[in-house]
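Trainee: structure, please.
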Amino acid sequence: MTTEINQPNNTVMPEASHDHVGHAQHGDATASSGHADHNMMMRMYFHAGEEETILFAFWKISEIGGLLASMVVVFLMAFSYEALKFYREHLYRHSFQTVQYNTVSLPVENGACIKETHKTVQVKMFSWMHGWQTVLHVVQVVLSYFLMLIFMTYNIWLCLAVALGAGVGYFFVGWKKSMVVDITEHCH
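Mentor: Numbers count the residues shown, from 1 in each chain. You can find the predicted model right below:
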């Protein structure tokens with residue numbers, strides 16, 4: 001179903017009745033009221049432009065200087081993510097260094113008992129360490145999703161900043177890791 005719209009110069013132009021982009025091009029109230037900006041499409045392919053909106057409406061870049069500054073910020077975010085992972089692991093290890101040794105009797109097959117010394121850990125949900133780890137976990141999750149969304153702009157310069165920040169961060173703090181299984185990992 002099509003309708004006709006009279007233009008100011010009295011020319012008749014056909015228009016599809018559900019064509020919102022056509023309305024935006026003709027300047028009707030839907031486009032000018034800010035309800036929908038159909039001309040602004042997210043590019044779903046890798047590109048190298050310097051015009052981007054990063055995470056928030058106020059973080060818009062349109063020139064090379066803004067892109068370079070944003071790359072530095074994104075690099076620091078990715079570096080901080082890696083450092084935060086190490087810091088949480090460090091706190092976790094440190095909390096178990098103060099654990100007391102207790103003697104435990106273990107039964108064996110022939111009915112006798114062996115006495116062994118083991119570290120026993122009593123985890124408390126309402127401890128300051130668990131509270132701090134919870135706060136750091138929330139920060140780490142939010143930071144990881146921010147980095148994922150930045151990567152999903154498909155801007156190769158921002159993607160490169162994420163990758164380099166994570167790589168350099170891991171280089172500086174990853175060599176200190178002692179655990180084989182990373183319990184603090186998100187989104188990789």
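Trainee: domains in this protein, by residue range?
Mentor: 1-39, 42-176 (automatic domain parsing).
Trainee: and residue 157, backbone torsions?
Mentor: Taking degrees, to the nearest 10, you get phi -70, psi -40 for the backbone angles of residue 157.
Trainee: ok so, going back, lowest mean pLDDT across the domains of the chain, which one is that?
Mentor: Least confident of the domains of the chain, judged by mean pLDDT, is domain 1-39 with a mean of 46.
Trainee: what's the spacing between residue 92 and residue 164?
Mentor: 27 Å (CB to CB, to the nearest Å). The C-beta positions use only the backbone N, C-alpha and C, and glycine is treated the same way.
Trainee: hmm, who's touching the host helix or strand of residue 150?
Mentor: Residue 150 is located in helix 128-151, with elements delineated by DSSP states H and E. Residues from elsewhere that reach helix 128-151, judged by CB atoms under 8 Å, 6 or more residues apart in numbering: 54-55, 74, 77-78, 80-81, 84-85, 87-88, 91-92, 95, 123-124, 158-159, 162, 166, 184, 186-187.
Trainee: residue 67 - how many residues pack around it?
Mentor: 21 (other CB atoms under 10 Å).
Trainee: neighbours of the nearest residue to it once chain neighbours are set aside, how many?
Mentor: Once flanking residues are discounted, residue 67 sits nearest to residue 50: 4.3 Å by CB to CB, 6 or more residues apart in numbering. For residue 50, the neighbour count with other CB under 10 Å is 15.
Trainee: again, but for residue 130
Mentor: Using other CB under 10 Å, residue 130 has 12 other residues around it.
Trainee: could you measure from the residue nearest to residue 67 over to residue 93?
Mentor: 43 Å.
Trainee: this structure: helices as residue ranges?
Mentor: 20-26, 29-32, 64-97, 128-151, 156-173 (DSSP state H).
Trainee: quick one: the ones you listed as CSV, columns for distance to residue 43 too.
Mentor: Shown next, in CSV, are the helices of the chain (distance: least, CB to CB, whole Å):
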stretch, distance to residue 43
helix 20-26, 17
helix 29-32, 21
helix 64-97, 15
helix 128-151, 13
helix 156-173, 11
